[in-house]
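[1] Predicted model and sequence follow; I will ask about them next.
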Amino acid sequence: MTERRWDPFQREWVVTATHRQDRTFKPPKDYCPFCPADPDDEVPTAVPREEYDIAVVENAFPSLQPDPPEPAVDDGDLFRAKPATGACEVVLFTDDHDAVVSELPTEQFQRLVAVWQDRYRDLGADPDHEYVYVFENRGEEIGVTLEHPHGQIYAYPFVPPRIRRELDASRDHREETGECLFCDVLAAERDDGARIVAETDHFTAFVPFQARYAYEMHVYADDHLPSLDEFEGRHVDDLGRMLKEVLLRYDALFDFELPYVMALHQRPTDGSGDGYAHFHIEFYPPHRTAQKLKHLAGSERGAGTFVNNKLAEAAAAELRECL
Amino acid sequence: MSVADSAGLSGWHATPSGMERETVENDHGRYVHLYTFPAGSEAEDD
């Protein structure tokens, strides 16, 4: 059962996906649904090949579906309920189950960016998909239940609220100043320099001034590129380099594979965003020290106000110096 | 210097980057996009 229900207070959709209660949870050590096919497997894996470079599989427990069922309740004026139309895919970064992602060759990161670009274009061409959201949940602390290196893509039938808010802010900024808010923030970060972590030919990584998580990091395209669709080959290759560098720094920070949520923000595929959407990636690691996690508690969950335990400038210095 | 420095479509699809996508159906009845890449087209690893 999937559906989406409107929250009239927060003015955002909530997706209900009851079948996800039954999704694969920490399968036996000798079985991984994302590994290449083995003729001896009793249960076939999701990839019908004995090896692969990068594979994208339709999510077996999708929150959003191309042909979703009707909602369990009637659609009303106050209690609005709609089918959870969309698509959910799993991106398998490598066929090597035990790979440490930060140690994959730069070439594999560049291939991954090219795959993301293809999925953005392909899924975004469907008029039912208003936003193609590429993301990765990494680590048990984030709730990952399958160890095989993978990320996900959700094609939503709406622009998700956090992304809608930042796009609205950038649109308003453009109306007021004629400039892209992301371009202006990046220029200000580069001028200041205190929160810059890494720079490549076309991308800049920094801990944002308003970081919510201790080691939050954002990667902005230096040029005003609204989405992966505008990337040329040099951008694809250079973002691959930057991604590897960001992951190497995260893993070096505490000398273990740092858990995080990685979120790609870019132009919606509903026709909006011209002039004010700007491709960037946001990383939210839950660790505030090697041993301590940042839990989203009363202030964050109940009031929506984050309390960060670390100065962004101090975090950036550590991330600069950890390699 | 940097330290480290649709569904339902079967068959092959060439993309602008030279990457190719083959879409097949797996044993669970779900689509799978298998991506292959031209050799030597990306930057050398450090």
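    Received it, and whenever you're ready, just let me know what you need. Numbers count the residues shown, from 1 in each chain, chains lettered A, B, ... in the order given.

[2] Any stretches of the chain with poor pLDDT?
    Answering for chain A, as no chain was given. Low-confidence segments of chain A, defined by pLDDT under 70: A:20-27.

[3] Oops, wrong one, chain B.
    Using pLDDT under 70, the flagged stretches of chain B are B:1-17, B:40-46.

[4] secondary structure class for residue A:135?
    Three-state call for residue A:135 (DSSP: H, G, I helix; E, B strand; the rest coil): strand.

[5] Can you show me the helices along the stretch 51-200 of chain A?
    In the stretch 51-200 of chain A, the segments counted as helices under DSSP state H, counting those that start in this stretch are A:106-124, A:161-177, A:181-192.

[6] From those helices, pick the one with the highest average neighbour count.
    By mean neighbour count, with neighbours taken as mean count of other CB atoms under 10 Å in any protein chain shown, helix A:106-124 ranks first of the helices of the stretch 51-200 of chain A at a mean of 23. In short, each C-beta sits where N, CA and C put it, glycine included.

[7] From chain B, how far out is residue A:56?
    4 Å (CB to the nearest CB, to the nearest Å).

[8] Please apply the same query to residue A:277.
    21 Å.

[9] ok, the residue in the stretch 151-300 of chain A positioned nearest to chain B - contacts?
    In the stretch 151-300 of chain A, the residue that lies nearest chain B is residue A:244 (4.3 Å; CB to the nearest CB). Taking CB atoms under 8 Å, 6 or more residues apart in numbering or on different chains as the contact definition, residue A:244 lies against A:102, A:104, A:106, A:109, B:4.

[10] In a markdown table, list those residues along with distance to residue A:252.
    Listed next are the contacts of residue A:244 as a markdown table, based on distance: CB to CB, whole Å:
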| residue | distance to residue A:252 |
| --- | --- |
| A:102 | 9 |
| A:104 | 16 |
| A:106 | 16 |
| A:109 | 17 |
| B:4 | 11 |
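
[11] just to revisit the earlier point, let me know which of the helices of the stretch 51-200 of chain A is the nearest to residue B:21.
    Residue B:21 lies closest to helix A:106-124 among those, at 6.4 Å (CB to CB).

[12] Could you tell me how many residues sit around the nearest residue to residue A:83 once chain neighbours are set aside?
    Ranked by CB to CB, 6 or more residues apart in numbering or on different chains and with sequence neighbours excluded, the top spatial neighbour of residue A:83 is residue A:68, at 4.2 Å. Look at residue A:68: counted by other CB atoms under 10 Å in any protein chain shown, it has 20 neighbours.

[13] same deal with the one 3 residues further on?
    Applying other CB under 10 Å, we find 19 residues neighbouring residue A:71.

[14] looking at it, residue A:128 is touching residue A:66, isn't it?
    Yes. Using CB atoms under 8 Å, residue A:128 makes contact with residue A:66 at a distance of 7.5 Å.

[15] And those two? Which one has more around it.
    Higher neighbour count among residue A:128 and residue A:66: residue A:66, with 17 against 14, using other CB under 10 Å.

[16] Look up how far residue A:183 lies from the more buried one.
    Distance, residue A:66 to residue A:183, using CB to CB, to the nearest Å: 36 Å.

[17] same thing with residue A:78?
    Distance of residue A:78 to residue A:183, computed by CB to CB: 41 Å.

[18] Same list, the helices of the stretch 51-200 of chain A, but as a markdown table with distance to chain B please.
    Shown next, in a markdown table, are the helices of the stretch 51-200 of chain A (distance: least, CB to the nearest CB, whole Å):
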| stretch | distance to chain B |
| --- | --- |
| helix A:106-124 | 5 |
| helix A:161-177 | 22 |
| helix A:181-192 | 16 |
